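J.: what's the 3D shape of this:
(chains A and B)
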Amino acid sequence: MTTQDHILVVDDDPDICTLVSDFLEKNGFKVSVAMDGKGLQEVLSNSSIDLIVLDLMLPDEDGLVLCRNLRSRSNIPVVILSAKGGEMDRIIGLEMGADDYLPKPFHPRELLARVKSVLRRARTQPEDSLESEQNACYRFAGWTLDVPTRQLYSPSGDKIFLSGGEFSLIMVFLNYPNRVLPRDQLLTFAHGREIEPFDRTIDMQVSRLRKRLQDDPKSPSLIKTVRSVGYVFSARVERGEPVS
Amino acid sequence: MVEPDRISVVIDQDLESILPGYLANRQKDLLQITKDLQTGDFVSLQTMGHRMKGSGTGYGLNEVSKIGQEMEEAAKAHDGEQISKLAAELTTYLQCIDIVYKEL
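T.: All right, here's what the predicted structure looks like:
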C-alpha cells in the first residue's frame, strides 16, 4: 500500500460509511464515500480510485449490476461488503467481477486486510487484462467469435449476425463453458437484472442463439438444456488473438 | 428495583473517536422504533434492524448486531410485540455497557 491509495466506499448506511472510512483513513488510505449508485458514478468521474468497497443493497441500483458494469469498463478492484452473505450470493458476487467478498457483520481489521490483499494482487496483474479480454477471439466447435467486431463466423466462414442480447449471452457461455448455468444466473450475467416469475427472456434468447449456431433445438449439441435448471454450453473453447 | 449488571465491552482503540456517535445513533433508533411501532411502519423497522445487524459487530458491539438481526426478522413478520421486547433489550444494553478502549 502507498499513502496515495484512494478507496471509494459505497454504502447507504451512514454508520458503515463512518466506520469504514475512518478505519481506512487511520491506516493511511485516502477515502471517498458515496451513498448510492449515482454518487459512485460522480466520484468515479471526478477522482482516480484504486479500489471500491461496495455494498449490494443500494437505494437506487443493484450493487451486482454496478459491479458488472464497472468490470466491463475498468480494472478497478472491487471488494463487496454485504449483508447478503450466503454461499450463492458470494459466488455470484465474485463471478460478477468482484475481487473479494466480505459478509456483514464484519470486523474492520478483516476488511482492512482484504483491501490490502486485493490491492497487492491488482498490482501484480497486467494492467491491460480487461483490454486483452475485449480484444479476444473465441474459437469453439469450428466457430469463431471475434470480440472487437462482435462478428460470429460459421465453420464454413460465413458471417453470422448477432443481436446485442445474443452477443452478451454467447459471451457468458464462452466464459463459462461446460458448466451448468442456472437461468437466473444467465440473465444476471448477460443482462444485469434479476429474473422475474414466468420470465422467458433467457429461453427465447437461447432459442435464437441456437438458430444462429445451427444447433438443432430438438437435440442440441452446443447449448444443452438442463431441465428445471438452465443451460450448459458444451464445447471446448479456446481464446486467442482477434481475427481483424 | 434490581439494577442490571454492568457489562464491560473491550473496543479497539481505533474506534474511540467514532463509537460515541454510533451509540448516539442507536438512541435515535430507539425513539424511531417507538414512532414506527405507533404508525405500523415495519419497512422502516426492517431497515433499521438490517443496518444494526450489519454495523454492530464492526463497532465491536456484537449484541447490537444480534438484536438488529432479530429485529429485522420480527419486522418481516410484522411482530410488533417482539420488536418492543428487542427495543427494551437494546435500551438496557446501552445503559449497562462500560466501554474499555484497548489496542487490539
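
J.: Mean pLDDT per helix and strand in chain A: which one sits at the bottom?
T.: helix A:129-134 (a mean of 60; mean pLDDT, DSSP states H and E).

J.: Keeping just the C-alphas, turn the helix or strand that that one is followed by into CSV.
T.: Downstream of helix A:129-134, the first helix or strand assigned by DSSP states H and E is strand A:137-140. Extracted C-alpha coordinates of strand A:137-140, given in CSV (Å, rounded to 0.1, in the frame of the first residue of the first chain):
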residue,chain,number,x,y,z
CYS,A,137,-11.3,-14.1,-30.2
TYR,A,138,-13.0,-17.2,-29.1
ARG,A,139,-13.0,-20.5,-31.1
PHE,A,140,-15.3,-23.4,-30.4
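
J.: now what about the biggest helix by length in chain B, what contacts it?
T.: Secondary structure of chain B per DSSP state H: the longest helix is helix B:19-39. Contact partners of helix B:19-39, identified using CB atoms under 8 Å, 6 or more residues apart in numbering or on different chains, comprise A:14-15, A:18-19, B:11, B:41-42, B:44-45, B:48, B:52, B:55, B:59-61, B:64, B:80, B:83-84, B:87, B:90-91, B:94, B:99. (Glycine included, C-beta is placed from N, CA and C.)

J.: mind listing the helices for chain B?
T.: For chain B, applying DSSP H gives helices covering B:19-39, B:42-56, B:62-76, B:80-96.

J.: okay, those helices in CSV with mean neighbour count and mean pLDDT next?
T.: As requested, the helices of chain B are exported to CSV (neighbours: other CB atoms under 10 Å in any protein chain shown; pLDDT from 0 to 100):
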stretch, mean neighbour count, mean pLDDT
helix B:19-39, 15, 97
helix B:42-56, 22, 96
helix B:62-76, 20, 97
helix B:80-96, 16, 97
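
J.: mind putting these in TSV, distance to residue A:219 included?
T.: Listed next are the helices of chain B as TSV, based on distance: least, CB to CB, whole Å:
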stretch	distance to residue A:219
helix B:19-39	58
helix B:42-56	48
helix B:62-76	46
helix B:80-96	56
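
J.: so which of these comes closest to residue B:7?
T.: Within the helices of chain B, the stretch nearest residue B:7 is helix B:80-96; the backing value is 4.9 Å (CB to CB).
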